[in-house]
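Peer 1: Just a sequence and a predicted model for now, questions to come.
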Amino acid sequence: ETGVTQSPTHLIKTRGQQVTLRCSSQSGHNTVSWYQQALGQGPQFIFQYYREEENGRGNFPPRFSGLQFPNYSSELNVNALELDDSALYLCASSTDLGLAGYEQYFGPGTRLTVT
Amino acid sequence: GQQLNQSPQSMFIQEGEDVSMNCTSSSIFNTWLWYKQEPGEGPVLLIALYKAGELTSNGRLTAQFGITRKDSFLNISASIPSDVGIYFCAGSNAGGTSYGKLTFGQGTILTVHP
């Protein structure tokens, strides 16, 4: 069974730039959620994708957007980067099958630094 | 954003000791999960709880879903050095038309001295 993978591992961007982060879900999983984890904090929910559509969103501005592809992989796009966007971005996958759908499995994350 | 309250914030223990940590919320959840995160990695799911009052074990780990549905507890017995990491609780109200947003605590940092 292949776990959740994310790319790139690390990224350095300048304020105002745009960034795209990528995630491949665990085999057999069709739902992808994205989280932002600031240093010393717990992850904060950004949004979830199911059947290639946004299926819920946390308290993040519209410059955070995403996509899900037919193979269930996903992208997180952030426009007009701000210094406060510096964080670990985590992708988690899950299924839509009963109780197992409540369990989210995380990738290793992408460390984004905005200068 | 909303976060759950975890305590203690950090623990320094000797190898072999038992560990207890808890998580409380002002609102109810229908699912509680416990994760462990090590440096440079994503959170790893340890235990999932689905029913109020439920007690579930995974090796040396035991977790309970509080009967009020507003809290959960994690115990680690006979700690070993590889238990070192940050432990997060997470609550979810997924189901029906709700999506599976996880709300996380701020974490408990566990240090185990050999």
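Peer 2: Great, that's in hand. Numbers count the residues shown, from 1 in each chain, chains lettered A, B, ... in the order given.
Peer 1: Spatially nearest residue to A:H29, not counting backbone neighbours?
Peer 2: Using C-beta to C-beta, 6 or more residues apart in numbering or on different chains and skipping residues adjacent in sequence, the residue nearest A:H29 is A:S93, 3.9 Å away. Backbone N, C-alpha and C define where each C-beta goes, glycine included.
Peer 1: Quick check: the one you found touching A:Y35?
Peer 2: No. A:S93 is not in contact with A:Y35 according to C-beta atoms under 8 Å; the separation is 12.0 Å.
Peer 1: Okay, and the beta partners of the residue nearest to A:H29?
Peer 2: When bridges are called by DSSP bridges, A:S93 pairs up with A:V32, A:Y105.
Peer 1: show me the contacts for it.
Peer 2: A:S93 makes contact with A:V4, A:C23, A:S25, A:Q26, A:H29, A:T31, A:V32, A:S33, A:Y72, A:Q104, A:Y105, A:G107 under the criterion C-beta atoms under 8 Å, 6 or more residues apart in numbering or on different chains.
Peer 1: if you look at the worst-scoring helix or strand of chain A on mean pLDDT, does any of it touch chain B?
Peer 2: In chain A, the helix or strand scored least confidently by mean pLDDT, DSSP states H and E is strand A:53-57, which has a mean of 90. Yes. For strand A:53-57, a contact with chain B is found by C-beta under 8 Å from any C-beta of the partner chain, at A:N55, A:G56.
Peer 1: returning to that earlier point: quick check, pLDDT for the residue nearest to A:H29.
Peer 2: Looking at A:S93, its pLDDT is 94.
Peer 1: same question, B:G96
Peer 2: Reading off the model, B:G96 has pLDDT 51.
Peer 1: Check A:T113 too.
Peer 2: On the pLDDT scale, A:T113 gets 98.
Peer 1: Specify the beta-bridge partners of it.
Peer 2: Here A:T113 shows beta-bridge partners A:I12, assigned using DSSP bridges.
Peer 1: Likewise for A:S74?
Peer 2: A:C23, A:Q68.
Peer 1: Show me the shaky parts of the chain.
Peer 2: No chain was given, so I picked chain A. For chain A, the stretches with pLDDT under 70 are A:1, A:97-98, A:100.
Peer 1: sorry, should have said chain B
Peer 2: Ranges of chain B meeting pLDDT under 70: B:1-3, B:94-99.
Peer 1: Would you state the strands of it in chain order?
Peer 2: B:5-7, B:10-14, B:19-24, B:31-37, B:44-49, B:55-58, B:61-65, B:71-76, B:85-92, B:102-104, B:108-113 (DSSP state E).
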